[in-house]
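Visitor: dropping a prediction and its sequence here:
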Amino acid sequence: MNRQMEGQLYDADSTVSRHAVLTATDGRVSIQTDEGVVITEAIADLSVSPRIGNIERKLTLGNGAVFATADNDGVDRIVAAAKSGSGFLHRIESNLGWVAVSLVVTVISVFAFGKWGIPAVSEAVANALPHKTNEIISAGAMDLLDRVVFEPSTLDTATQDQIRQRFFDTLVPLEQEATDIEYELLFRQWPLDDGESDTEHGIPNALALPSGQIVVTDQFVRLATSPDEIDAVLLHEMGHVVERHGLQMAVQGAIVAGIVVVVVGDAGALADMGVGLGSLLISSHYSRGHESEADRYAFGKMLKSGIDPRAFGRILSAMESYMRDIERGDEPTVVDDPDPNVMDDGDQDTSSVLDYLRSHPSTEERVRLAERYAQCFDRRLIDCS
Amino acid sequence: MNALQFQGNGFEYFKIWIVNILLTIVTLGLYHPWAKVRNRRYFYANTTLDGHNFEYHATGKQLFVSHMIAMALLLTYLFVTNVAPLWAFVFVILFFVGFPWVIWRGLMFNMRMTSFSNVRFGFEGTLGQAYVNYMALPIVAMIAVYGPFILLGVVIASQPENPVLTGMVALVAVLMAMILGVFAVAWLVKRNHSYVVNGQRYGQGAFSVTLDTSRFAGIYAKALVIYILGFIALTVLFFAVVFVSLGPEGLAQVGANAQNPEVLENALGGGIIVAVFVVYAGVFALGFAIWAYTTSRTRAYVYSNATLDSQITFASSLKARRLFWVMFTNGLLVLFTLGLGHPWAKVRMTRLFLNETHVDTSSGIDQYVTQKQEQQSSLGEQIGDAFDVGVDVAF
């Protein structure tokens, strides 16, 4: 079997090439230049560069000389006869079926990883870390909030003590698994953003730091018509702490940032824009999942301790209608939480921003879930999942 | 003068790219170094001058260890910045101290792994100079830029009751910072280009370039002017969009309630959203434009002054407008194909850069290499594994 191909022969480490013809016979090649020089070598001893697209192939001989040729198919034929298994990657790359499979697998993997992989991995990592980590990520957050957002509470001490006592005596003992969390209940005034220091009004809200510090605002306490309503919200906040949502968000941020750096590292500024927008959508979506999880946690505990889940729906609606009355329009603290470690609660979102951008499930949805649990409550069920 | 040519095409590269991604996913990222080698080989080997081509010789195995170290460092860094941000400064220091070494090592490795017409490139810049250029000089430049503001702070602190003086000093400080900033950046860029180009070898041949800070300063001063004009234009555009979308009635309503921030906010709601989107796009376009301008001009300047053994000269005819246009349309292509258009965009950009790069061998590259033949020695000796973390030196 004789095969011939044309190419250029370079001496070792030399840029000078001469036109040459390579002939393959019985497992050996002989290369003859136009000047009549002949080199022969066994095909098995040749080092052949892998085929990529149609780039020039280089066959390096034992003495360092290189035969370069554009005849890729010719090289494949003589190499395939002598060495099996070579050119595997090129065969996949030039097979449209495999290319289509790659495309589909890539699109599905990217989608699945974003939708389930990242939250699952973050949850696993967050749960594997010691509770101490929660204290590390919360360090300084409360001081920052006190400086930037909050003012001292104007509630009288009797009210504060009453709420605090209920919290530590009845609510905290409900959690029997995550017992290493040291809760702290803090009262703060969150002034409306109108420049007036009006202690009669304020933003009704409650939030939890991953370390177990729970903050309730004065306006929230004033809006609550029964202790059950306060308990419902406090249980929701405990849910965030117990389920380690703050840590999950932190780990998630690290993963998303890592993927961005690795995958689109060279795609430039435009990728940043797209990725920034994308990760905003994804993270608000994830935090909606966290809100629902904390809601379900609270409802579960409420059934166990005999609190009507309707209390949660009532206080949410009260907070929403209060905020609507105040005519807040867009409330930036809902979408752009300045501190990702703080889980923001109380639905003040009365704006017409895209539904997907909201970090909370709509109040209606949450009230509906409360109603479903309330029906279990009416039937004296303890498990309603 | 002969221009470099690119022989590849978008669809061919797409197939290589997508299979690379598949294998990277299937191997949970372990395949990445081999994917990188395949990508590079595709682009290098398809680049030709006078019928001879480039080649990239590194193997996936050589890149693997450094890839693993880089990934481990990256993961630790991301984890630390997100979970314990107070410790991130350790990485900042590590990065600051390690960066010159990484640049130097990357240059050396990548140049030696690149050949043209069977002869390898090399890099002989010293590690000490890398530390001067990428660590010491940036510190000096930073002091030059921030110095005026420190001066301003001192004046404000010592003369708290004198607004006229403070205002004047502030104006002078900003102007000084701008001028010093332009010169500091120009000087740094000049030093870095000189270091990189003068350290490069092709076989036994040496590249050399003599650069002048003032030429770079001219380029950056113009870029600053473009930036300021662009910023003013965007501000005008912002208010124009708000005005058009509100109409005279809306504007009157806002005027009447100018004291009430909430009414103002509500009334402006719709107009502001549109205006913010317009400005957002404008800021990106401005960034692209400035990048295109500085890249094409510095490239033209550096290439026109570079020689190989004082025999071979270079030129870049890349135009800022053309670069901006290709970048802009590439961006749209990638955006609307959700990233799948990336291979076509990359091929198009590569072709643009190569076709605008010219090499003058006066008597042909073959003639030059024939003369040099006697002096050739192999620079392709083993230098161990790479620490190649993406510091690329494009031809």
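Guide: Thanks, I have it.

Visitor: helices or strands up against the helix or strand encompassing A:His240?
Guide: Following DSSP states H and E, one finds A:His240 within helix A:227-242. Here helix A:227-242 touches helix A:157-166, strand A:206-208, strand A:213-217, helix A:218-223, helix A:269-305, helix A:310-325, going by 3 or more Cβ pairs under 8 Å, 6 or more residues apart in numbering or on different chains; DSSP states H and E. (Each C-beta comes from the backbone N, C-alpha and C, glycine too.)

Visitor: comparing those by mean pLDDT, which bottoms out?
Guide: Lowest mean pLDDT within these: helix A:269-305, at a mean of 65.

Visitor: would you map the helices across chain A?
Guide: Ranges of helices within chain A are A:72-82, A:88-93, A:96-112, A:118-128, A:131-138, A:141-148, A:157-166, A:218-223, A:227-242, A:245-263, A:269-305, A:310-325, A:332-335, A:363-378, based on DSSP state H.

Visitor: picking that back up, and the helix holding A:His240, average pLDDT?
Guide: Taken as a whole, helix A:227-242 has a mean pLDDT of 86.

Visitor: got the buried residues for it?
Guide: A:228-242 (16 or more other Cβ atoms under 10 Å in any protein chain shown).

Visitor: can you show me the CA trace of it as CSV?
Guide: Presented in CSV, the C-alpha positions along helix A:227-242 are these (Å, rounded to 0.1, in the frame of the first residue of the first chain):
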residue,chain,number,x,y,z
PRO,A,227,-49.2,38.3,70.4
ASP,A,228,-49.8,35.4,68.0
GLU,A,229,-49.0,37.8,65.1
ILE,A,230,-45.7,38.7,66.6
ASP,A,231,-44.9,35.0,67.3
ALA,A,232,-45.7,34.1,63.7
VAL,A,233,-43.2,36.6,62.4
LEU,A,234,-40.6,35.7,65.0
LEU,A,235,-40.9,32.0,64.0
HIS,A,236,-40.5,33.0,60.4
GLU,A,237,-37.2,34.7,61.3
MET,A,238,-36.1,31.7,63.4
GLY,A,239,-36.8,29.7,60.2
HIS,A,240,-34.2,31.8,58.3
VAL,A,241,-31.6,31.3,61.1
VAL,A,242,-32.2,27.5,61.5
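
Visitor: that helix vs helix A:310-325, what angle?
Guide: 90 degrees (axes from the mean of the first three to the mean of the last three Cα atoms, to 10 degrees).

Visitor: got the CA positions of stretch B:2-22 in PDB?
Guide: Extracted as PDB, the C-alpha positions of stretch B:2-22 are listed here (Å, rounded to 0.1, in the frame of the first residue of the first chain):
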ATOM      1  CA  ASN B   2       2.600  41.500   4.500                       C
ATOM      2  CA  ALA B   3      -0.500  41.100   6.700                       C
ATOM      3  CA  LEU B   4      -1.100  38.100   8.900                       C
ATOM      4  CA  GLN B   5      -3.800  35.900   7.700                       C
ATOM      5  CA  PHE B   6      -6.300  33.700   9.600                       C
ATOM      6  CA  GLN B   7      -7.400  30.500   8.000                       C
ATOM      7  CA  GLY B   8     -10.000  29.300  10.500                       C
ATOM      8  CA  ASN B   9     -13.700  29.800  10.400                       C
ATOM      9  CA  GLY B  10     -16.500  30.300  12.900                       C
ATOM     10  CA  PHE B  11     -18.400  27.000  12.400                       C
ATOM     11  CA  GLU B  12     -15.200  24.900  12.500                       C
ATOM     12  CA  TYR B  13     -14.300  26.600  15.800                       C
ATOM     13  CA  PHE B  14     -17.800  26.300  17.100                       C
ATOM     14  CA  LYS B  15     -17.600  22.500  16.900                       C
ATOM     15  CA  ILE B  16     -14.200  22.400  18.700                       C
ATOM     16  CA  TRP B  17     -15.500  24.800  21.300                       C
ATOM     17  CA  ILE B  18     -18.800  23.000  22.100                       C
ATOM     18  CA  VAL B  19     -17.100  19.600  22.300                       C
ATOM     19  CA  ASN B  20     -14.500  21.200  24.700                       C
ATOM     20  CA  ILE B  21     -17.300  22.400  26.900                       C
ATOM     21  CA  LEU B  22     -19.100  19.100  26.800                       C
END
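
Visitor: so is that stretch next to chain A?
Guide: Yes: counting by Cβ under 8 Å from any Cβ of the partner chain, chain A is contacted by stretch B:2-22 at B:7-8, B:12-16, B:18-19, B:21-22.

Visitor: pLDDT at the closest residue to A:Val149 other than its chain neighbours, what is it?
Guide: Residue nearest to A:Val149 in three dimensions, not counting chain neighbours: A:Trp190, with 6.3 Å by Cβ to Cβ, 6 or more residues apart in numbering or on different chains. In this model, A:Trp190 is scored at 84, pLDDT.

Visitor: just checking, B:Gly339 is part of a helix?
Guide: No: assigned with DSSP: H, G, I helix; E, B strand; the rest coil, B:Gly339 falls outside any helix and is coil.

Visitor: may I have the phi/psi pair for it?
Guide: phi 100, psi -20 (degrees, to the nearest 10).

Visitor: same question for B:Leu308.
Guide: Backbone geometry at B:Leu308, expressed as degrees, to the nearest 10, gives phi -110, psi 110.

Visitor: neighbours of B:Trp87, how many?
Guide: 11 (other Cβ atoms under 10 Å in any protein chain shown).

Visitor: spatially nearest residue to it, not counting backbone neighbours?
Guide: Nearest residue to B:Trp87, sequence neighbours excluded (Cβ to Cβ, 6+ apart): B:Val80, at 5.2 Å.
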